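Engineer: got a sequence here, can you build the structure:
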Amino acid sequence: MAALVISMGVLAYGYDSAFIGTTIATAAFKRDFGLTHMSVSEANNVNSNLTSICMLVSYKLCMKIGLITFRFRRRILRCLLRLLFP
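Structural biologist: Numbering: from 1, shown residues only. Here you go, the predicted model:
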């Protein structure tokens, strides 16, 4: 059971990584954030900073959810999540 839970966590983390990677690669994102007017090194710097921030937020949320789960027990959280995601 633990392996299943861990694999789902890794899958969700990979999905987040793929999502930010494909979002940064779109022409609309580059246009809206002015990456087309930057040099290649500046655009790469902005892209790497955005990816790092996304990974940091994902990590912090995982830690907070772990603490919330420990504090309020899983059953209550499952009931609350069932209301959010019917």
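Engineer: biggest helix in this structure by residues?
Structural biologist: Longest helix of the chain, by residue count under DSSP state H: helix 40-84.
Engineer: I'd like to know the average pLDDT value across that one.
Structural biologist: The average pLDDT for helix 40-84 rounds to 80.
Engineer: could you name the helices and strands sitting against it?
Structural biologist: helix 2-25 (3 or more CB pairs under 8 Å, 6 or more residues apart in numbering; DSSP states H and E). Every residue, glycine included, has its C-beta placed from N, CA and C.
Engineer: what element comes up after the helix it packs on heading to the C-terminus?
Structural biologist: helix 27-32 (DSSP states H and E).
Engineer: buried sites along that following helix?
Structural biologist: Buried residues in helix 27-32, defined by neighbour count with 16 or more other CB atoms under 10 Å: Lys30.
Engineer: off-centre distance for the longest helix of the chain?
Structural biologist: Taking CA atoms, centre = their mean, to the nearest Å, the mean C-alpha location of helix 40-84 is offset from the chain mean by 6 Å.
Engineer: also stretch 74-85?
Structural biologist: 20 Å.
Engineer: using CSV, write down the CA coordinates of that stretch.
Structural biologist: The C-alpha trace of stretch 74-85 is given here as CSV (Å, rounded to 0.1, in the frame of the first residue of the first chain):
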residue,chain,number,x,y,z
ARG,A,74,-6.7,11.0,6.9
ARG,A,75,-10.3,10.2,7.3
ILE,A,76,-11.4,13.8,7.9
LEU,A,77,-9.2,15.0,5.0
ARG,A,78,-10.6,12.4,2.6
CYS,A,79,-14.1,13.6,3.5
LEU,A,80,-13.2,17.3,2.9
LEU,A,81,-11.4,16.4,-0.4
ARG,A,82,-14.5,14.5,-1.5
LEU,A,83,-16.4,17.8,-1.2
LEU,A,84,-13.9,19.6,-3.3
PHE,A,85,-13.5,16.9,-6.0
